[in-house]
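S.K.: give me a model of this one.
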Amino acid sequence: MSILEAVALLVAVVVGIVLVRRERHHAAVLREQIDARVPRSQLEATVASFEALLEAAPTPVIQFDRDGRVQRANAAAVAAFPDGEIPAPLAPVIEEVLHGAATVVDREIAVEQPVRRRWEVHLRAQADGALAVLVDVTAAGDFREARRLFSAAVSHELRTPLARILGLAETLALPQTDAERETLVAQIEIEVDGMRGLIDEMLLLAALDRGETPTGDLADAGRAAEAVVADRRARRAWRNRDLRFIATRAQRVAVAPRLLEVVLGNLLDNALLHAGDAAVVSVDVRPAGRDVEIAVSDTGVGIAPEHLPHVFERFYRAEASRAGPGTGLGLAVVKHIVEAHGGRVSADSQPGSGTTIRLLLPRVVPGEAAASGAEARRASG
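M.R.: Have a look, this model is predicted:
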């Protein structure tokens, strides 16, 4: 190495040392300025507040490093994914951000494990990785799917009785005996009542889904059941059916009378429509401890075991009943109303041995009802 090269190297080293010292000096001055403006204790308190806020956030927040590994997850994320595994549908979204395809991603993903959920993912690139915020939109997604299925089912269920009414009307135009004509008219009435019932039940379910329940006086279960039975006996379609009724009087329940009549009417119509013409249908109202039990039974064809768990689902109809009248909503309405009022409903059936739909509603004792009314008045005053 020549003398000139050695001198140049020495000068470069000295300059480097000077620059490093200058940078360190600037950094020290900057720290002093920050400390002068914002005390260290205040900075630590601010950081602690953000840490607490992150942990208290109701939505999962996850920080990833450059390799897609979890660096940090708040309490909501740990609760949502207790096994510590990142959902498979989230992995490609993270890769998209980490590899520079996008710096911001907002996307909805479906996750099956540990439970079925839909997440709205908000992912942002960072200098050392990525930050993901997940919002649970399962309810909104389920609502959209339910609305789609509901609309499709309603369209189908309305077309079916309309087609049957058209066929009956065309048959009615042919030469008929008086007895045949009366039978056809009765069938048309059933179909029209079914369509009206479908529309009423859809409107009622929509109101119940919104949390709207009709209010009014407490219903007497025995009296309401007697009125519904009398109404069905008077209808042309059920005049020759064996419809029996037993009730213990003064069994009040905390349900608006109109809603209880809807429940009883749906239970009775379901039995009369599907049990078979020769079946005996019975309505029994009695006290059961602190509840009122209402049982609607028939001696008809029964329900197959594979269909029994689904009878309270909306628009579910067993194969044997699909060709006949009925909306597929009656028992769903019953379940919704009963459970909304603190009750329980169950179905028991054996093929060839009949079906019993049993519901329990909290019984209201007159003294308790008066006390509750007085408390409500004092609260409102």
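
S.K.: quote the end-to-end distance of stretch 71-80.
M.R.: With C-alpha to C-alpha, to the nearest Å as the measure, stretch 71-80 spans 16 Å from end to end.

S.K.: show me where pLDDT drops low in the chain?
M.R.: For the chain, the stretches with pLDDT under 70 are 1-48, 50, 101-102, 114, 139-158, 160, 197-198, 200-217, 314-329, 366-381.

S.K.: name the nearest residue to residue 161, ignoring sequence neighbours.
M.R.: Spatial nearest neighbour of residue 161, chain neighbours left out: residue 191 (4.5 Å); criterion: C-beta to C-beta, 6 or more residues apart in numbering. For every residue, glycine as well, the C-beta is placed using N, CA and C.

S.K.: what do you get for residue 264?
M.R.: Counting by C-beta to C-beta, 6+ apart, the nearest residue to residue 264 once its immediate chain neighbours are dropped is residue 228, at 4.3 Å.

S.K.: need the contact list for the one you found.
M.R.: Going by C-beta atoms under 8 Å, 6 or more residues apart in numbering, residue 228 touches 261, 264-265, 268, 283.

S.K.: coming back round to it: just checking, the residue nearest to residue 161 touches residue 166?
M.R.: No - Residue 191 is beyond contact range of residue 166, at 9.8 Å (criterion: C-beta atoms under 8 Å).

S.K.: the two - which one has more neighbours?
M.R.: Neighbour totals were compared for residue 191 and residue 166, and residue 191 leads with 19 against 11 (other C-beta atoms under 10 Å).

S.K.: which helix or strand contains the more buried one?
M.R.: helix 178-209 (DSSP states H and E).

S.K.: each with direction, which strands does the helix or strand that that helix is followed by pair with?
M.R.: Of the helices and strands lying after helix 178-209 in sequence (DSSP H and E), the nearest is strand 219-220. Applying DSSP bridges, strand 219-220 is found paired with strand 252-253 (antiparallel).

S.K.: touching the strand it pairs with from outside, list them.
M.R.: Residues outside strand 252-253 that contact it (C-beta under 8 Å, 6+ apart): 218-221, 260, 292, 341, 361-364, 366, 369.

S.K.: what segments of the stretch 51-200 of the chain are helices?
M.R.: 75-80, 91-98, 138-172, 178-209 (DSSP state H, counting those that start in this stretch).

S.K.: give me the contacts around the first one.
M.R.: The one in question is helix 75-80. In this structure, residues lying in contact with helix 75-80 by C-beta under 8 Å, 6+ apart are 55-62, 117, 134, 136.

S.K.: switch the cut-off to 10 Å
M.R.: 54-63, 70, 73-74, 84, 86-87, 111, 114-115, 117, 119, 132-134, 136 (C-beta atoms under 10 Å, 6 or more residues apart in numbering).

S.K.: same question, stretch 169-182
M.R.: Stretch 169-182 is contacted from outside by 183-185, 187-188, 236, using C-beta under 10 Å, 6+ apart.
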